[in-house]
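A.B. asks: here is a sequence with its predicted model. Questions after.
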Amino acid sequence: MKSYYLTTPIYYVNAAPHIGHTYTTMVADTVARWKRMQGYDVVLTTGTDEHGQKIERAAKAVNKTEQEFTDIIAEEFRMAWDKLSIRIDRFMRTTDPRHEKKVQELFLRCKERGYVYKGEYTGQYCVSCELYVNDAKPGDPCPDCGRSTETVTEENYYFKLSAFQDRLLELYEKQPDFIQPESRRNEVISFVKGGLSDLSISRTTIKWGIPVPGEEKHVFYVWFDALTTYMSAVEGEGRWPADLHLIGKEIVRFHAIYWPAFLWAADWPLPKRVFAHGFLLFDNDKMSKSKGNLVRPLPILEVIGQEPLRYFLLREIVFGQDGNFSYDAVITRYNADLANGLGNLVSRTLSMIRQYRNGQIPASQGSPEIAEVAQTVVGTYRDAMESFQFSKGLEALWQLLSLLDRSIVQYAPWKLIKDTSAEAQQKLDTILYSSAEVIRLATALLGPVIPQACAKIWAQLGMAEPLESVQLGSLAWGQLPAGQAVGEATPVFPRIEAAPAVARMFELEEKEKARQDELVGKAPKVETPKYDIAPIAETISIDDFVKVDLRVGIVRSAEPVKGSDKLLHLKVDIGEAQPRTIVAGIATAYKPEQMLNRKVVIVANLQPRKLRGVESQGMIVAASLEGGSPVLAGFLEDVPVGARLK
Ligand code: MSP
């Protein structure tokens, strides 16, 4: 059996899995399934990158040993892929002893062949953070703590990267698809043409790493260590070289320059291809831990399932380019293409076959025009998938589905059924067969993208063979057997109502973050004011205080106020006959969809006041510093609507 080996990057354990890691891993799972459809024996490797100073520090910050800390996060990754039904064949951690051995072997082989030498490394070092500050000049401050850096010289092992400049350029020339897409290839070529310096591959300032054999105070530089997982994960299986390394664009240099050079130096074969995809932005903003806008995958799974996300990532984002992610966009895509598109087509087709043909696939060749388009689309889809143009392939498939939609309207089966002539009945058979056959082909092709939904449709079509065993090479028009009994068309893609789903995902996202923080033992950050707080107001009596009627309410609807970027128009239910209209100046901090179904505190007996022509019947309670962004008051435990604060 032909084998196919692909990898995702191994992820750093300083952050738990987020949507960026999920993107690469979901795409890898799709490619793996696609290759299985071509009869390959596929292995997909992922894992965790656990060494280095950042991890040392992260563990220390929460009073854990490095091993305890990395065990927890590695498990979070493993669990996430499992819950998302991503089939991971090998999960390699850089702390695995089998991996350590492989890294040491790589080093010894490079050394034996003369590609490693001892030298001195001089850089700007922050003693307090125990970190080198890249590109810093003497006297520059540390970007983390602000203290000034010191010039430090340490003994290091160096790798002769400079020896490989010409050979690398020759590789990119002779094997133009070694790095894809083209834009990344060009970037790498010009980088290499600019000249390569030798690379320091060991550190004496770090302890948390793989020891250099015979030089116990040295540990390996993280990239020398990390890249080797691609080999250690399949050690002894005869699967190396990898067919494909899927990565994000920011780590292309390590994969397209360092990695081939290390492998040449060790006299080991090179991977066949590196594909670097673009970055996902969240609401058009770069995601980062420090910004606190990381999107985690499990809340999405819990609220809408993983397949709307898989479909979105492959359909909406051009693989290789940056793309924007938002909860709303995922749901919009899902409702348009899956609920209204494919789902609707399946239920229409199956219910017509049940109603008009006793639930059996009629004997027919189908429509020659539809058959022809279908065959072409199968080819386009196949080429697109092979060249990682997932969105193009899916777009072509949906053109076929919309052709079918139009054909059903043209044939009008609901009219044909009333006409008993042989010609009308044959036409009815033709359109019913064509519909079912298009659905069969589309489902088989879509299997790698949305496997669970496709398995359901496949079963509803009455197919005997399991979907996973369908082979691409044997997919052709006209194989759907006449007389096959179709099943009940239970909805595979129920419509998702966006607003409550989005609100729920935001809510679960907060909980998931809190769970992960608690897991590593991180206490929530308590902010101590470093500024002058506003003076405390004049003393009042309790009688004065009880005059203020504060109530718990729930937001039933939220909309922006036209012409204002500060105001939101809310309907807040505090248990009265009608929700109250409240105009709140919180739009810079909260989006309407974040407000929906959220519990808030309002001043319920404040004199109504007109804002932008709308009468506001109360005020929402929020905290802020002078000129700062408002933060809504809320409760840690659940509170009934209408409860009074006293
Ligand atoms: N540990 C290194 C990789 C070593 S591979 C031998 C590393 N880890 S990481 O945790 O930072 O993961 C980086 C990878 O995660 C990216 O290359 C990409 O695959 C994925 N993504 C992380 N954030 C991303 C986005 N915002 N968008 C898309 N993918 C991104 O680098």
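C.D. replies: Received, thanks. Please read these numbers as outputs of a predicted model, since none were measured by experiment.
A.B. asks: in a helix, that's where Asn324 is, yeah?
C.D. replies: No: judged by DSSP: H, G, I helix; E, B strand; the rest coil, Asn324 forms no part of a helix; its state is strand.
A.B. asks: nearest residue to Glu512 in space, please, no chain neighbours.
C.D. replies: Arg296 (4.9 Å; Cβ to Cβ, 6 or more residues apart in numbering). All C-beta spots, glycine's among them, are computed from the backbone N, C-alpha and C.
A.B. asks: roughly how far does that neighbour sit from Arg515?
C.D. replies: 10 Å (Cβ to Cβ, to the nearest Å).
A.B. asks: and these two? Which one has more around it.
C.D. replies: The neighbour count for Arg296 versus Arg515, taken as other Cβ atoms under 10 Å, is higher for Arg296 (24 against 14).
A.B. asks: correct me, but the more buried one touches His18?
C.D. replies: Yes: if you go by Cβ atoms under 8 Å, Arg296 and His18 touch, sitting 5.6 Å apart.
A.B. asks: next helix or strand past the lengthiest helix in the chain?
C.D. replies: Among the segments of the chain that qualify as a helix by DSSP state H, the longest is helix 422-446. Once the chain leaves helix 422-446, the next helix or strand it forms, by DSSP states H and E, is helix 451-460.
A.B. asks: and that following helix, what's its mean pLDDT?
C.D. replies: Model confidence over helix 451-460, given as mean pLDDT, is 97.
A.B. asks: ok so, going back, shared neighbours of Arg296 and Arg515, anything?
C.D. replies: By Cβ atoms under 8 Å, 6 or more residues apart in numbering, Arg296 and Arg515 have no common neighbours.
A.B. asks: which residues of the stretch 151-300 of the chain fall in strands?
C.D. replies: 179-180, 199-200, 202-203, 211-212, 215-220, 244-248, 274-277, 280-282, 285-286 (DSSP state E, counting those that start in this stretch).
A.B. asks: kindly report the residues of this protein close to the ligand.
C.D. replies: Proximity of the chain to the ligand, by Cβ under 6 Å from any ligand atom, involves residues 9-12, 20-21, 23-24, 49, 226-227, 247-248, 250-251, 279-280, 287.
A.B. asks: if we use 5 Å, what do you get?
C.D. replies: Contact residues (Cβ under 5 Å from any ligand atom) of the chain with the ligand: 9-12, 20-21, 23-24, 49, 226-227, 247-248, 251, 279-280, 287.
A.B. asks: quick one on the thing from earlier: next, the residue nearest to Glu512: phi, psi?
C.D. replies: The phi/psi pair for Arg296 (degrees, to the nearest 10) reads phi -90, psi 150.
A.B. asks: show me the contacts for it.
C.D. replies: 16-19, 509, 512-513, 516.
A.B. asks: ok and the residue in the stretch 351-500 of the chain nearest the ligand?
C.D. replies: Of the residues in the stretch 351-500 of the chain, the one nearest the ligand is Phe388, at a distance of 13.9 Å by Cβ to the nearest ligand atom.
A.B. asks: quick one, domains of the chain?
C.D. replies: Taking automatic domain parsing as the domain assignment, the ranges for the chain are 3-277, 327-474, 527-632.
A.B. asks: give me the number of residues near Thr8?
C.D. replies: A count of nearby residues for Thr8, using other Cβ under 10 Å, gives 24.
A.B. asks: secondary structure class for it?
C.D. replies: Three-state call for Thr8 (three-state DSSP): strand.
A.B. asks: so what's the residue nearest to Asn134 when sequence neighbours are not counted bridging to?
C.D. replies: Leaving aside its chain neighbours, Asn134 sits nearest to Gly123 (7.7 Å; criterion: Cβ to Cβ, 6+ apart). Gly123 has these beta-bridge partners by DSSP bridges: Val152.
A.B. asks: tell me who's in contact with Gly123.
C.D. replies: Counting by Cβ under 8 Å, 6+ apart, Gly123 has contacts 132-134, 136, 151-152.
A.B. asks: against Ser200, how distant is it?
C.D. replies: For Gly123 relative to Ser200 (Cβ to Cβ), the value is 9 Å.
A.B. asks: so is whichever residue of the stretch 451-600 of the chain sits closest to the ligand in a helix, a strand, or just coil?
C.D. replies: The stretch 451-600 of the chain approaches the ligand most closely through Gln516 (14.7 Å), counting by Cβ to the nearest ligand atom. Per three-state DSSP, the secondary structure class of Gln516 is helix.
A.B. asks: how near is it to Arg580?
C.D. replies: Between Gln516 and Arg580 the computed distance is 37 Å (Cβ to Cβ).
A.B. asks: quick one: buried ones out of the contacts of Arg296?
C.D. replies: Buried residues within these, counting neighbours by 16 or more other Cβ atoms under 10 Å: 16-19, 509, 512, 516.
A.B. asks: any chance of those residues in JSON lines, with secondary structure, pLDDT and distance to Glu76 too?
C.D. replies: Formatted as JSON lines, the buried ones among the contacts of Arg296 follow (DSSP: H, G, I helix; E, B strand; the rest coil; pLDDT from 0 to 100; distance: Cβ to Cβ, whole Å):
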{"residue": "Ala16", "secondary structure": "coil", "pLDDT": "91", "distance to Glu76": "5"}
{"residue": "Pro17", "secondary structure": "coil", "pLDDT": "96", "distance to Glu76": "6"}
{"residue": "His18", "secondary structure": "coil", "pLDDT": "97", "distance to Glu76": "11"}
{"residue": "Ile19", "secondary structure": "helix", "pLDDT": "97", "distance to Glu76": "14"}
{"residue": "Glu509", "secondary structure": "helix", "pLDDT": "95", "distance to Glu76": "15"}
{"residue": "Glu512", "secondary structure": "helix", "pLDDT": "94", "distance to Glu76": "10"}
{"residue": "Gln516", "secondary structure": "helix", "pLDDT": "91", "distance to Glu76": "7"}
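A.B. asks: among those, which two are most distant?
C.D. replies: Of all pairs drawn from these, the one with the longest distance (Cβ to Cβ) is Ile19 and Gln516, at 14.3 Å.
A.B. asks: for the single nearest residue of the stretch 201-350 of the chain relative to the ligand, name its beta-bridge partners.
C.D. replies: Relative to the ligand, the nearest point of the stretch 201-350 of the chain is Gly248 (2.6 Å; Cβ to the nearest ligand atom). According to DSSP bridges, the residues that bridge with Gly248 are His277.
A.B. asks: that one: what's it in contact with?
C.D. replies: Contacts of Gly248 (Cβ under 8 Å, 6+ apart): 9, 20, 24, 276-279.
A.B. asks: I'd assumed Glu76 was in contact with the residue of the stretch 451-600 of the chain closest to the ligand.
C.D. replies: Yes: assessed by Cβ under 8 Å, Gln516 is found in contact with Glu76 at 6.8 Å.
A.B. asks: which neighbours do those two have in common?
C.D. replies: Ala16.
A.B. asks: now stretch 239-255: buried residues?
C.D. replies: Neighbour counts using 16+ other Cβ under 10 Å place 239-240, 242-249, 251-255 of stretch 239-255 among the buried residues.
A.B. asks: got it, and stretch 307-316?
C.D. replies: Within stretch 307-316, the residues that qualify as buried are 307-316, counting by 16+ other Cβ under 10 Å.
A.B. asks: now swap in stretch 420-438 and tell me
C.D. replies: Buried residues in stretch 420-438, counting neighbours by 16+ other Cβ under 10 Å, are found at 425, 427-438.
A.B. asks: export those to a markdown table and append columns for distance to Asn63 and pLDDT.
C.D. replies: Listed next are the buried residues of stretch 420-438 as a markdown table, based on distance: Cβ to Cβ, whole Å; pLDDT from 0 to 100:
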| residue | distance to Asn63 | pLDDT |
| --- | --- | --- |
| Gln425 | 77 | 98 |
| Lys427 | 75 | 98 |
| Leu428 | 73 | 98 |
| Asp429 | 72 | 98 |
| Thr430 | 72 | 98 |
| Ile431 | 68 | 98 |
| Leu432 | 67 | 98 |
| Tyr433 | 67 | 98 |
| Ser434 | 66 | 98 |
| Ser435 | 62 | 98 |
| Ala436 | 62 | 98 |
| Glu437 | 62 | 98 |
| Val438 | 60 | 98 |
